[in-house]
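*Asks:* quick one, structure for this:
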Amino acid sequence: HPHPPTVAKLRKMNCFVPALTGSSPGVNSERGRALFCGLAKPSVEFRYSRRVRMAASVLDVETEVESPEGVDVKEEMVFEPVRNPLKKLLRSTRFFFSIRGRVKKGSVLCMTIGGALPDQRPTTSIFSQAPETPSLPELTTNLVHAAHDPRISAVYLKIEPLACGYAKLEEVRRHMEFFRQSGKKLIAYTQLGGVKEYFLSLSADEVFVPPEAILSLRGFNAAGTFVRGVLEKIGVEPQVQRIGEYKSAGDQLARTSMSEAQREVLNSIMEQQYNRFIHDVAKVKKKSEDDVKVILDAAPQLMEEYREGGWVTDIIYESTLVDKLKEEFNKGRTKEAKLKRPLRSVGWRKYTRVRAKTLALQGKSCIAVIRAGGAITLGKNGSNAATGGTCGSDSFVETVRTAIDSDYVKAVVIRVDSPGGVSLAADVMWNELKALAKKKPVIASMADVAASGGYYLAMACDTIVAEELTLTGSIGVVTAKLSLKDLFDRIGFVRENISIGKYAELEVDNRPFTEVEEAYFAQGAQYAYKSFVSKAAESRGMTYEEMNKLAQGRVWTGLQAKECGLVDEIGGLNLAISLAKEKANIKDAGRIVELRSRRGFGGLLGLFRSLTANPAGVAAMNLGELGKPELLLMTDYDGSDVNPVERHLAGRVFNSLVKYLDMQPLRQLLNLTLRS
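*Replies:* Next comes the predicted model:
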């Protein structure tokens, strides 16, 4: 726990350590176990976070117990119910007068989780459709509020196919376990899933599947996609400069096969994911790790095998599960009366209206959370089909300056979920964070990915917190230019350049580099790399040579990054907020305020502008986008699911290009070229 509890607080929690050795509390397992009785659920296992102060009530003394050696240090959220009678009365009064956040007593909170679990609440408008599943902040906040809300009796979580990384799953699981500490039940149901969905379900009390469910526990795999051969066939020559032995961003464009360096990194990441999965499944299901490996290798297809082995609770249809929930949580004198009524429940979207203040969970001191999500670009926040939401430097700087100028904000947490982007934009944002850190405590919290430019932002903060399976590092530089000369020759498109200056035509796309231009291009990439490594070394208290060994464009997991000194703590957003409160000397519960800037329409308007300005050169516009950092950065990923560059190529560049060419005079020739 980031704030060690006092003896008095421990006694109120009815906490005890099972074993006593000599004059200090003992630990009865290698990870350390304690039983929380009273209002908390019995037999809750927790792991030490830094240093935990426990009280040996038999000896009536305080003793500090260090984290056992060799044990991975993890953040743990500890549920403490509201005990103050005045706060309880205030909470009941707010419930009574609540209109938008009104919830019936004894309700089941029903949530569906799936998709990418975005790290920030989407900005909706009259032109956009409301999301069907909650974002990560909405999901975790609902779980925390439901744990403290006496009107909520249980949580029903329907798990659909997930497209997020394991770091976000760790964050969700931590909040699921926090909810269960309140003594309420959390029930999970899944129809279609694999290792990610099953990994998430481990933190539920019960897991149900239908008879014909598809539970694909077949192990882990990673893949690399390379499109240079495709580009060559249509007359596009990628000219990529990457600095760093492991900087695989750009390889999809520049290579036709996987490099040994990329293979090494993917194997390392996949092995850690595999080991974590094996360990957690064995621990939760009370199996040996060999048993878990056997079930992965066997990959059963019949749900009966999972039930008989104790891997799932039971096999029932969702309608039957809803009837079970009605029997347990609906009001009624008889079973028939309970089943006739609809399930007393509240949806996730309505429950987001419940505020921390309503539940008496809010203090006076303010901690601001600023989110940096998506590709880092110059200008305002925006969105485009290739990269999704983007983090614009102008919008970010504006938000940071708001935090600097506000006397109300006592500390700031920067939540990073970005694979990087434009180096200039990242540097501008880094400089603003350095200015903020001189005035107020600034803590970085990493989500799924904080690599390249994402790590650039984090290294400006006082402390960096990452999940075990966060993808971070990637301290390197990649830049590229695509020569469309052969494509233009094939379709008869001509562009003539007139220039004054030795390097004036450096970025023209109708011809490749000259030798002089290529040397100049490579020199610029080297300068950017040295600047990145130098600032990272200064931030982490290392020499340039020490940091250069860790850089080289290599992607590290959060646990690996902590071991080599690139991050400070292993944990989630809750730990980062606790550290911010500690550094700002905030004693109360604090008030968490999210500072954000509205997303603009830069991506959409920019696309329309390109289409209307040069209709004959639409091929150059679309294919030229591939050399931009916003797309190159997408190659820094863990190798699972669909490669975003492949998706962009298959789903946007060619399809949208061919569709647009149907309105152009050159459509026949270009269609033949692209389809051949």
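*Asks:* next up, the contacts around Tyr156.
*Replies:* The neighbours of Tyr156, taking CB atoms under 8 Å, 6 or more residues apart in numbering as the test, are Val108, Leu109, Cys110, Met111, Ile187, Tyr189, Leu325, Ser345. Backbone N, C-alpha and C define where each C-beta goes, glycine included.
*Asks:* that one - that's part of a helix, no?
*Replies:* No: with DSSP: H, G, I helix; E, B strand; the rest coil as the criterion, Tyr156 is located in strand rather than a helix.
*Asks:* quick one: the helices in the stretch 251-400 of the chain?
*Replies:* Secondary structure of the stretch 251-400 of the chain (DSSP state H, counting those that start in this stretch): helices at 251-254, 260-285, 289-298, 303-308, 318-329, 335-340, 348-351, 393-405.
*Asks:* now render those as JSON lines, adding distance to Arg511, mean neighbour count and mean pLDDT.
*Replies:* Formatted as JSON lines, the helices of the stretch 251-400 of the chain follow (distance: least, CB to CB, whole Å; neighbours: other CB atoms under 10 Å; pLDDT from 0 to 100):
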{"stretch": "helix 251-254", "distance to Arg511": "18", "mean neighbour count": "24", "mean pLDDT": "88"}
{"stretch": "helix 260-285", "distance to Arg511": "30", "mean neighbour count": "17", "mean pLDDT": "95"}
{"stretch": "helix 289-298", "distance to Arg511": "52", "mean neighbour count": "14", "mean pLDDT": "94"}
{"stretch": "helix 303-308", "distance to Arg511": "60", "mean neighbour count": "15", "mean pLDDT": "94"}
{"stretch": "helix 318-329", "distance to Arg511": "60", "mean neighbour count": "16", "mean pLDDT": "94"}
{"stretch": "helix 335-340", "distance to Arg511": "75", "mean neighbour count": "13", "mean pLDDT": "90"}
{"stretch": "helix 348-351", "distance to Arg511": "54", "mean neighbour count": "18", "mean pLDDT": "92"}
{"stretch": "helix 393-405", "distance to Arg511": "31", "mean neighbour count": "19", "mean pLDDT": "94"}
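*Asks:* out of those, which gets nearest to Thr479?
*Replies:* With CB to CB as the measure, helix 251-254 is the member of the helices of the stretch 251-400 of the chain nearest Thr479 (11.4 Å).
*Asks:* return the member of the contacts of Tyr156 nearest to Ser135.
*Replies:* For the contacts of Tyr156, the closest approach to Ser135 (CB to CB) belongs to Met111, at 11.6 Å.
*Asks:* helix, strand, or coil at that closest one?
*Replies:* Met111 is classified as strand under three-state DSSP.
*Asks:* so where's the stretch 501-650 of the chain uncertain?
*Replies:* Where the stretch 501-650 of the chain drops to pLDDT under 70, the residues are 598-650.
*Asks:* which one of the helices of the stretch 251-400 of the chain lies nearest to Ala411?
*Replies:* Go through the helices of the stretch 251-400 of the chain one by one with CB to CB and the one that ends up closest to Ala411 is helix 393-405, at 9.3 Å.
*Asks:* Val416: how many residues sit nearby?
*Replies:* Look at Val416: counted by other CB atoms under 10 Å, it has 30 neighbours.
*Asks:* give me the phi and psi for Glu545.
*Replies:* phi -60, psi -40 (degrees, to the nearest 10).
*Asks:* follow-up on the earlier one: make TSV out of the contacts of Tyr156 and add distance to Ser135.
*Replies:* Below are those laid out as TSV (distance: CB to CB, whole Å):
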residue	distance to Ser135
Val108	21
Leu109	16
Cys110	17
Met111	12
Ile187	22
Tyr189	21
Leu325	25
Ser345	21
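*Asks:* among those, name the buried ones.
*Replies:* Burial by neighbour count, 16 or more other CB atoms under 10 Å: within those this picks out Val108, Leu109, Cys110, Met111, Ile187, Tyr189, Leu325, Ser345.
*Asks:* I'd say the second one and Leu343 touch.
*Replies:* When you say that, I think you mean Leu109. No: contact criterion CB atoms under 8 Å: Leu109 and Leu343 do not qualify, at 11.2 Å.
*Asks:* part of a strand, is Val449?
*Replies:* Yes: counting by three-state DSSP, Val449 is located in a strand.
*Asks:* burial check on it, number of neighbours?
*Replies:* 27.
*Asks:* distance to Lys535 added to the helices of the stretch 251-400 of the chain, as a markdown table?
*Replies:* Listed next are those as a markdown table, based on distance: least, CB to CB, whole Å:
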| stretch | distance to Lys535 |
| --- | --- |
| helix 251-254 | 25 |
| helix 260-285 | 23 |
| helix 289-298 | 41 |
| helix 303-308 | 50 |
| helix 318-329 | 52 |
| helix 335-340 | 63 |
| helix 348-351 | 41 |
| helix 393-405 | 16 |
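*Asks:* so what's Val555 closest to, chain neighbours aside?
*Replies:* Distances taken as CB to CB, 6 or more residues apart in numbering put Ser474 closest to Val555, at 4.9 Å, once the chain neighbours are dropped.
*Asks:* for Ala116, see how far away the one you found is.
*Replies:* Going from Ser474 to Ala116 by CB to CB, to the nearest Å gives 20 Å.
*Asks:* out of those two, which sits in the busier spot?
*Replies:* Neighbour tally, Ser474 and Ala116, criterion other CB under 10 Å: the higher count belongs to Ser474, 30 against 16.
*Asks:* the stretch 501-650 of the chain: strands as residue ranges?
*Replies:* Counting by DSSP state E, counting those that start in this stretch, the stretch 501-650 of the chain has these strands, from start to end: 555-557, 569-570, 591-595.
*Asks:* given the shortest one, what are its sheet partners and their directions?
*Replies:* Okay, so that is strand 569-570. If you go by DSSP bridges, strand 569-570 pairs up with strand 463-466 (parallel).
*Asks:* after the partner strand comes which helix or strand?
*Replies:* strand 471-473 (DSSP states H and E).
*Asks:* distance from the chain centre to whichever helix or strand comes after that next one, please.
*Replies:* Going down the chain from strand 471-473, the next helix or strand is strand 477-483, by DSSP H and E. Relative to its chain's centre, strand 477-483 lies at 27 Å (CA atoms, centre = their mean, to the nearest Å).
*Asks:* so which elements touch strand 477-483?
*Replies:* Secondary-structure packing of strand 477-483 (3 or more CB pairs under 8 Å, 6 or more residues apart in numbering; DSSP states H and E): strand 237-243, helix 251-254, helix 515-540, helix 629-632.
*Asks:* could you dump those into a markdown table with distance to Asp417 added?
*Replies:* Shown next, in a markdown table, are the helices and strands packed on strand 477-483 (distance: least, CB to CB, whole Å):
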| stretch | distance to Asp417 |
| --- | --- |
| strand 237-243 | 23 |
| helix 251-254 | 22 |
| helix 515-540 | 19 |
| helix 629-632 | 15 |
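*Asks:* looking at the ones you listed, which is closest to Gly373?
*Replies:* helix 629-632 (13.6 Å).
*Asks:* just the closest of the buried ones among the contacts of Tyr156 to Ala444, please.
*Replies:* Met111 (28.2 Å).
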